[in-house]
Every structure is written in structure tokens, then in C-alpha cells.
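1. Okay, sequence plus prediction incoming.
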Amino acid sequence: MRWDDLFTDLQAQLQAAADVEAHLEVVELAEAEIARTTMADRWRARRGQTLHVRLRDGSDRDGTVVDAAQEWFVLARGSRRVLVPAAAVVLARPLGPSAPPPTRVERSLRLGHVLRAMAHEHLDVLVATLAGTYRGRLVRVGADHLDLATEGGVVTLAWGGLVSVESGT
């Protein structure tokens with residue numbers, strides 16, 4: 001009888017150790033998944049939902065996420081559209097879980113692509129930068145800058161200072 005009890009106890013101990021090991025493995029996998037998640041992955045999951053962001057210059061923008069990629073997203077509020085570069089975001093709420101991995105197209109849509117599309121549309125825009133706000137039309141989009149035709153002439157703005165580009169204002 002003692003042998004039966006001993007084997008039962010050993011089996012219970014082995015099962016408990018296996019359960020702990022499986023739990024730790026799940027925790028490690030979850031932590032690894034979270035560690036790979038970017039804010040862009042999380043705001044891509046907000047498509048069709050409201051998002052509030054605070055930008056590098058301390059200003060706030062909010063609206064419904066209508067489009068999003070790794071380097072940018074677009075918020076809509078009525079007819080107004082706000083393009084927000086990822087680098088300009090310092091706070092976002094609410095953010096839930098991550099979206100599925102971006103498609104090949106989403107990964108390839110860079111900030112320059114969307115700025116060039118805006119330039120082709122000849123939209124009147126309000127460009128907020130760390131150096132101030134400028135109203136005009138995008139006339140040229142380079143690899144790291146854009147040219148904006150304003151009433152005072154063409155100004156060249158570095159992407160590194162972009163906070164947002166608004167149309168429909």
C-alpha cells in the first residue's frame with residue numbers, strides 16, 4: 001500500500017512541476033509578445049474608433065482613426081483630417097491590444113507616401129511644427145522634408161519637426 005501512495009505522490013509532484021513550467025512558459029511568451037508591440041500596432045487596432053493624442057509640442061488632437069500605418073495615422077473629426085507622424089506622439093489614449101501584424105502594404109506606406117498624396121490633391125493644409133504653424137499647399141515632398149507654398153513664399157520644413165498636417169480646417 002505504501003508503494004501506491006508513494007507513486008501517487010510522485011505523480012502529483014511531477015504534474016504540479018509540469019503545471020508550473022507550462023504557466024511560466026505562457027507568461028514568458030506573453031511578455032515576449034508585449035515586448036515586440038509598438039504604439040503603432042496599438043493605434044492601428046483603433047481604426048474606426050476614437051483616439052486622443054498629445055504631441056511633442058504639448059498640443060492635443062483627437063478624432064476617429066480613419067487610416068493608420070507604422071509611421072503615421074489619420075484622425076477625422078467631421079470634414080477635418082489630421083495626419084499625425086508617429087514620431088510626434090508622446091501620449092495616446094485609449095489604446096487597447098495590438099492589431100494583427102501589418103500587411104506588406106501597411107509596412108511600405110511611409111510618411112512620404114501620404115504627404116505626396118496630399119501634395120497631388122493640392123489641398124490647403126495647416127502644418128504644425130516644433131517651430132510654429134504654417135498654412136499653405138504642399139508643393140514638393142522630399143526624402144526628409146517638404147516644401148509648403150505659403151502667402152509669404154515657399155518654406156521648407158524638415159519632417160523631424162512635424163507635429164501634424166491638417167486639411168479641411
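-> Looks like it arrived, so ask away.
2. can you map out the strands along the protein?
-> Remark: strands assigned in the chain by DSSP state E are 50-55, 60-68, 72-77, 80-85, 89-93, 124-129, 132-141, 145-150, 153-158, 162-167.
3. Can you spell out which helices and strands pack onto the last one?
-> Strand 162-167 makes packing contacts with strand 80-85, helix 111-120, strand 124-129 when contacts are defined by 3 or more CB pairs under 8 Å, 6 or more residues apart in numbering; DSSP states H and E. Heads up, the C-betas are built off the backbone N, CA and C, glycines and all.
4. run the last query once more with 10 Å
-> Here strand 162-167 touches strand 50-55, strand 60-68, strand 72-77, strand 80-85, helix 111-120, strand 124-129, strand 132-141, strand 145-150, going by 3 or more CB pairs under 10 Å, 6 or more residues apart in numbering; DSSP states H and E.
5. do you know which of those lies nearest Thr37?
-> In terms of CB to CB, the element of the helices and strands packed on strand 162-167 nearest to Thr37 is strand 60-68, at 14.4 Å.
6. And that closest one, what's buried?
-> By 16 or more other CB atoms under 10 Å, the buried positions in strand 60-68 come out as Arg61, Gly63, Val65, Asp67, Ala68.
7. Spatially nearest residue to Thr38, not counting backbone neighbours?
-> Gln70 (7.3 Å; CB to CB, 6 or more residues apart in numbering).
8. same deal with Arg44?
-> Using CB to CB, 6+ apart, the nearest residue to Arg44 is Ala99, at 4.0 Å.
9. Go ahead and confirm the one you found touches Ala68.
-> Yes. In this structure, Ala99 is within contact of Ala68 by CB atoms under 10 Å, at 8.3 Å.
10. so how far is Arg110 from the spatially most central residue of the chain?
-> Most central in the chain under CA atoms, centre = their mean is Ala40, positioned 2.4 Å from the mean C-alpha point. For Ala40, the distance to Arg110 equals 12 Å [CB to CB, to the nearest Å].
11. hey, what's in contact with both of these two?
-> Ala69, Gln70, Glu71, Trp72 (CB atoms under 10 Å, 6 or more residues apart in numbering).
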